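S.K.: With the sequence up front, the predicted model follows.
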Protein chains: 2
Amino acid sequence: MNQPRIDGKRLWRSLEELARIGATPKGGVRRLTLTELDREARELFSRWAREAGMSVAVDAIGNVFARRAGADPGEAPVAIGSHLDSQPSGGRFDGAYGVMAGLEVVRALNDAGIVTRAPLEVISWTNEEGSRFTPVMMGSGVFAGVFTLEHALAQKDTEGVSVREALERIGYAGPAKPHRLGAYFEAHIEQGPVLEDTKTTIGVVQGALGQRWFDALITGMDAHAGPTPMALRKDALLAASRVVLAVNRVGTAFPDNARGTVGSMQVKPNSRNVVPGEVRLSVDLRNAKDDTLLDMVSALYASLKSIEDECRVAIELKEITHFPPCEFDPALVASVRAGAKVHGHSHRDIVSGAGHDAVYVARVAPTAMIFVPCEGGISHNEIENATPEDLSAGCNVLLHAVLERAGRAAAAARSAA
Amino acid sequence: MNQPRIDGKRLWRSLEELARIGATPKGGVRRLTLTELDREARELFSRWAREAGMSVAVDAIGNVFARRAGADPGEAPVAIGSHLDSQPSGGRFDGAYGVMAGLEVVRALNDAGIVTRAPLEVISWTNEEGSRFTPVMMGSGVFAGVFTLEHALAQKDTEGVSVREALERIGYAGPAKPHRLGAYFEAHIEQGPVLEDTKTTIGVVQGALGQRWFDALITGMDAHAGPTPMALRKDALLAASRVVLAVNRVGTAFPDNARGTVGSMQVKPNSRNVVPGEVRLSVDLRNAKDDTLLDMVSALYASLKSIEDECRVAIELKEITHFPPCEFDPALVASVRAGAKVHGHSHRDIVSGAGHDAVYVARVAPTAMIFVPCEGGISHNEIENATPEDLSAGCNVLLHAVLERAGRAAAAARSAA
């Protein structure tokens, strides 16, 4: 049986054309969810989908489902998706690649005259980024029942516009009802440095790290930097610095893809010659295993106790978010790995450190993801970059895995144009 | 010979009355330099000085000199001073105590009918705090020739008003010419915790710590907290935290009243789930000896080198300020100690960690300072507090030291009223 291939140049051209919508001077994209620019991107995607013979439906949270009929209309669709919205100062590939790769899979199947047994769907999820409206991964979250449609529709941006209003303004509050997916694939740039660092083309994503986020408040005592001897200080920034080191140690010492990050810190009074009396900071702990994640939390608490005693400060730690780890479907993951082998691409198992629509969809359908390298591991940045070759490779692996799952109903003699 | 004493109640009443000018709800003072409130405070002080038989002169930077004639008009005056301006959210005693204590010394001498050989001067220096106009210690700095009058007059506040304009508005651009001081004493609350911590009433100030201030810029690389393994990070905040620890270690490990403080820190992008790529922070190193201060700087540089290598970041350290250590006049310091002994007050040698007008005046005249305890070591705060007893004690010590230096010309039979 012939092994169909995607058209890398066509994929690249589609990505380039899409990137013009909200293009920024430095080559990035600013396309906030449910804005006029987001509408334009949705229209372009919908037009291309229809041109590829698909029917387009929109649900009540604005998720767009482009469907290619299968030989067996009773079978649940094999879906491919990601998102078209961007960060305020985002890149061209984050999200856009997953949707365009889905479209390219359909175009390549059309070219090869292949009809799948199960229907296919290419999905563009609403508001993955969460930059304009929280929570993040809103469209897939509603689809997977993580939170309710009403909750999502009621969220407001900083100008007081609700999701409901924004959807109506751009005409994307649709009638489509929830439906079952037979499988879900998402191709995405890695947004991390591992593939580039190990010179690997395909990341076979095993699942996503569990996350526990905390806010810490450290209370010491303001004091003049000059008159206050070291021994009489209650320096909240000294304590905070030890917390940063403790979080890093926890991230470094534990197995199972542990991560520990302090990303933000506010110092008070933040004056050059005053010993800081108060520091607030964030703690972000991640791990592929929930048990190990809990062990990390315990180790952190033990460190905080010593820091409190030794620095004579009080530390309050409050958990604000908990995403459990997500394990992708072993059969689909195996299909992705097989696709990489078939196409002769270097590949390695990898775990997603970040959240993706796939993490929510995995709660209601067998799911897998494919990562391709991005330059310097940089994403959420205008200078985000990926090579046409790697993007093509990922898309060919996606085509293989989708086809393996959806099955071939018939192969026409017609070859790629 | 009788030992005159100050009137502690009168001193306290004067401080209370002065504190009404710019009083804040929490019992503090907001009396920014060269404002209408500062004018009121200057007028009150001048009126009291004239009522005590003194003549009042103002120089071109607005310093107020209240003079009590001595028996020998050719002798340079023995001066007592501090400042009447406050921090934006300041206390009742910082500065005000030194000026009011000077006034009380004169009142007490009047009561005792004592004429000194050398003239006395009570000085209120302009803009010690530096909150509205930089540099700090402006009036004493101009007086001591640390910077020029023209430089000081040209400085502007955040609303674009220059020192020159502000002085003219409140009518305090005076004609008095620079003159020599025979000696200078300044009584001040400690603004630190040492006296309270050691249950000591009088701090016999030996001098002031030298200070070297730096700005540090730490450059790593922004990265997503999830997808970026610990080993591939260039975490600027992790490096910054190690810098904080290194500065603290330097402050703790060196002798001669070493201090090491990181008071301010700005983290970029300061987002919960992004490994920070840039941190700016301040470093404040102090020591009583210039050689030791330089050793502290060297030790810090050595630490920074390791941190750069181990955290894979770049650290730039730029020196922005250097005040050399200041040693007060041994004879005057001995007079202060003698005054504490005569009055039976507990006392200890102490070094001033902060800058004071006395530090600049010490460049042009023999100088000494007297510290009294302040509650919790807290200053530059509305809740700054000191007891009437301690303030009286400091003022009696001041009277003793001033009289020892200025000499008695005649003691009338008239006793304190």
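M.R.: Looks like it arrived, so ask away. Being a predicted model, the structure only gives us computed values, none of them experimental. Numbering: from 1, shown residues only, chains lettered A, B, ... in the order given.

S.K.: centroid residue for chain A?
M.R.: In chain A, the residue lying closest to the centroid (CA atoms, centre = their mean) is A:H356, at 2.9 Å.

S.K.: and the helix or strand where A:I320 lies, which strands flank it?
M.R.: In this assignment (DSSP states H and E), A:I320 forms part of strand A:314-323. Sheet pairing of strand A:314-323 (DSSP bridges) gives strand A:210-219 (antiparallel).

S.K.: buried sites along the strand it pairs with?
M.R.: A:G210, A:Q211, A:R212, A:W213, A:F214, A:D215, A:A216, A:I218, A:T219 (16 or more other CB atoms under 10 Å in any protein chain shown). Using the backbone N, CA and C atoms, a C-beta is placed for each residue, glycine as well.

S.K.: now do stretch A:143-159
M.R.: In stretch A:143-159, counting by 16+ other CB under 10 Å, buried: A:F143, A:A144, A:V146, A:L149, A:A152, A:L153, A:Q155, A:D157.

S.K.: Tell me where the model's unsure across chain A.
M.R.: A:1, A:410-417 (pLDDT under 70).

S.K.: Domains in it, by residue range?
M.R.: The record, using automatic domain parsing to delimit domains, assigns chain A the ranges A:8-208+A:326-411, A:210-323.

S.K.: Minimum distance to chain B, which residue of the stretch 51-200 of chain A gives it?
M.R.: A:G192 (2.6 Å; CB to the nearest CB).

S.K.: ok now do that residue, which residues does it touch?
M.R.: A:G353, A:A354, A:G377, B:A223, B:H224, B:G226, B:P227, B:T228, B:P229, B:L232 (CB atoms under 8 Å, 6 or more residues apart in numbering or on different chains).

S.K.: Could you rerun that using 6 Å?
M.R.: A:G353, A:G377, B:P227, B:T228 (CB atoms under 6 Å, 6 or more residues apart in numbering or on different chains).

S.K.: do the same with A:L293
M.R.: A:G210, A:N287.

S.K.: again, only using 7 Å
M.R.: A:G210, A:R212, A:L285, A:N287 (CB atoms under 7 Å, 6 or more residues apart in numbering or on different chains).

S.K.: now, among those, which is nearest to A:I320?
M.R.: Distance ranking of the contacts of A:L293 against A:I320, using CB to CB, places A:R212 first at 9.0 Å.

S.K.: Just to check, that closest one is in contact with A:I320?
M.R.: No: contact criterion CB atoms under 7 Å: A:R212 and A:I320 do not qualify, at 9.0 Å.

S.K.: The residue of the stretch 51-200 of chain A closest to chain B - nearest residue in space that isn't next to it in sequence?
M.R.: B:P227 (2.6 Å; CB to CB, 6 or more residues apart in numbering or on different chains).

S.K.: List phi and psi for that neighbour.
M.R.: Backbone torsions of B:P227, given as degrees, to the nearest 10, read phi -70, psi -10.

S.K.: and what of A:V361?
M.R.: phi -60, psi -30.

S.K.: ok, now how distant is it from chain B?
M.R.: 18 Å (CB to the nearest CB, to the nearest Å).

S.K.: for A:C326, same thing?
M.R.: 12 Å.

S.K.: ditto for A:R348
M.R.: 13 Å.

S.K.: do the same with A:S271
M.R.: For A:S271 relative to chain B (CB to the nearest CB), the value is 5 Å.

S.K.: In terms of helix, strand or coil, where does the residue nearest to that residue when sequence neighbours are not counted fall?
M.R.: Using CB to CB, 6+ apart and skipping the chain neighbours, the partner closest in space to A:S271 is B:G263 (5.4 Å). Here B:G263 is recorded as coil under DSSP: H, G, I helix; E, B strand; the rest coil.

S.K.: Can you name the residue of the stretch 301-417 of chain A nearest chain B?
M.R.: For the stretch 301-417 of chain A, CB to the nearest CB, closest residue to chain B: A:G353, 2.9 Å.

S.K.: Could you look up the SS state of the residue nearest to that residue when sequence neighbours are not counted?
M.R.: With sequence-adjacent residues excluded and distances taken as CB to CB, 6+ apart, A:G353 is closest to B:G226, at 2.9 Å. Per three-state DSSP, the secondary structure class of B:G226 is coil.

S.K.: What is the burial count for B:G226?
M.R.: B:G226: 24 surrounding residues under other CB atoms under 10 Å in any protein chain shown.

S.K.: Contact partners for it?
M.R.: So B:G226 contacts A:L209, A:R259, A:R286, A:G353, A:A354, B:N273 (CB under 7 Å, 6+ apart).

S.K.: Mind checking which of those residues are buried?
M.R.: A:L209, A:R259, A:R286, A:G353, A:A354, B:N273.

S.K.: if I read this right, the first one contacts A:A354, doesn't it?
M.R.: Meaning A:L209. No: A:L209 is beyond contact range of A:A354, at 8.2 Å (criterion: CB under 7 Å).

S.K.: A:V372 is in contact with A:G394, isn't it?
M.R.: Yes: using CB under 7 Å as the test, A:V372 is close enough to A:G394 to be in contact (3.9 Å).

S.K.: on that earlier part again, may I have the phi/psi pair for the residue of the stretch 51-200 of chain A closest to chain B?
M.R.: The phi/psi pair for A:G192 (degrees, to the nearest 10) is phi -150, psi 180.

S.K.: same check, this time on A:D38
M.R.: phi -60, psi -40.

S.K.: ok, now how distant is it from chain B?
M.R.: The value you get for A:D38 to chain B, if CB to the nearest CB is used, is 22 Å.

S.K.: With secondary structure as added columns, please give the buried residues of stretch A:143-159 in CSV.
M.R.: Formatted as CSV, these follow (three-state DSSP):
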residue, secondary structure
A:F143, helix
A:A144, coil
A:V146, coil
A:L149, helix
A:A152, helix
A:L153, helix
A:Q155, coil
A:D157, coil
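
S.K.: For those residues, name the two members farthest from one another.
M.R.: A:A144 and A:D157 (23.1 Å).

S.K.: Pretty sure A:M100 sits against A:E17.
M.R.: No: the pair A:M100 / A:E17 is not scored as a contact, 9.5 Å apart, by CB under 7 Å.

S.K.: more crowded one of the two?
M.R.: A:M100 (29 against 12).

S.K.: Nearest spatial neighbour of the more buried one, chain-adjacent residues omitted?
M.R.: Per CB to CB, 6+ apart, closest to A:M100 is A:S14, 4.8 Å.

S.K.: Is the one you found within a helix or a strand, and which one?
M.R.: helix A:8-19.

S.K.: same for that helix, what does it pack against?
M.R.: helix A:96-112, helix A:388-406 (3 or more CB pairs under 7 Å, 6 or more residues apart in numbering or on different chains; DSSP states H and E).

S.K.: want to try JSON lines for the ones you listed, with distance to A:S303 as columns?
M.R.: Formatted as JSON lines, these follow (distance: least, CB to CB, whole Å):
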{"stretch": "helix A:96-112", "distance to A:S303": "39"}
{"stretch": "helix A:388-406", "distance to A:S303": "40"}
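
S.K.: contacting residues for A:M296?
M.R.: For A:M296, counting by CB under 7 Å, 6+ apart, the contacting residues are A:V250, A:F254, A:A258, A:G260, A:L285, A:N287.

S.K.: Give me the buried entries from those.
M.R.: A:V250, A:F254, A:A258, A:G260, A:L285, A:N287.

S.K.: quick one, what contacts the fourth one?
M.R.: With contacts defined as CB under 7 Å, 6+ apart, the neighbours of A:G260 are A:V247, A:N248, A:V250, A:G251, A:L285, A:M296.
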